[in-house]
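Asker: Give me the fold of what follows.
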Amino acid sequence: MNIRSILPQSGYMVFLDEIKEIKQGEIKCAMKVKENSPFTQNKELGSFAYIEIMAQSIAAYAGSSEKIELGFLLSCRKMQIYKPFVSVGDELEIKAVESLSDGAGMFVFDCEIWLKNECVASASLSVLNPSKEFLDKAING
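Answerer: Presented below is the predicted three-dimensional model:
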């Protein structure tokens, strides 16, 4: 599955390269840190990008079963940064596991970024993937 076709981001904003595994409530994605990314400096990608990388894995999970019209990152909790940067050429694995769903489009995912056998960062991300009806009511009253 072409990950660029299911993510709402485009161009250099797409960090992920592929979906490695997907099953009910869980996704594993992979990416290689690219030298030509505007987010790398001195051949390093800083931890400021970790939340976006995790959020893209969640968007890939949502987009793998239906077209994503709009999604919101609501919060990031329990963020732990174990490695303040990764280097150009590093191959990362991103894992997101659904830990909560309210049935109306709000989800919590527990996420981790791994470099070989080392956890680089972890966090719980709350996201909203609202239905078209919810959006219409919110916008039009």
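Asker: alpha carbons only for contacts and neighbour counts from here, please
Answerer: Fine.
Asker: Low-confidence ranges, the protein, go.
Answerer: Filtered on pLDDT under 70, the chain yields the residue ranges 1, 10, 66-69.
Asker: Strands of that one, residue ranges please.
Answerer: For the chain, the strands defined by DSSP state E occupy 18-23, 26-32, 40-41, 44-46, 72-81, 85-87, 91-101, 106-115, 118-128.
Asker: contacting residues around the first one?
Answerer: Under the contact criterion Cα atoms under 8 Å, 6 or more residues apart in numbering, strand 18-23 has outside partners 1-3, 27-31, 60-61.
Asker: Check which residues of stretch 34-48 are buried.
Answerer: Using 16 or more other Cα atoms under 10 Å as the test for burial, stretch 34-48 gives 34-35, 37, 39-40, 43-45, 47.
Asker: Report all helices and strands that the biggest helix by length in the chain contacts.
Answerer: As assigned by DSSP state H, the longest helix anywhere in the chain is helix 50-63. Helix 50-63 sits against strand 26-32, strand 91-101, strand 106-115, with contacts defined as 3 or more Cα pairs under 8 Å, 6 or more residues apart in numbering; DSSP states H and E.
Asker: Contacts for the last one next, please.
Answerer: To tie it back to what came earlier, the one meant is strand 106-115. 50, 54, 58, 90-101, 119-130.
Asker: Same check on the second one?
Answerer: Under the criterion Cα under 8 Å, 6+ apart, residues 25-33, 53-54, 57-58, 107-116 lie in contact with strand 91-101.
Asker: hmm, 6 Å instead?
Answerer: 25-32, 107-115 (Cα atoms under 6 Å, 6 or more residues apart in numbering).
Asker: Any of those buried? List them.
Answerer: 26-32, 107-114.
Asker: which two from those end up farthest apart in space?
Answerer: K32 and F107 (27.0 Å; Cα to Cα).
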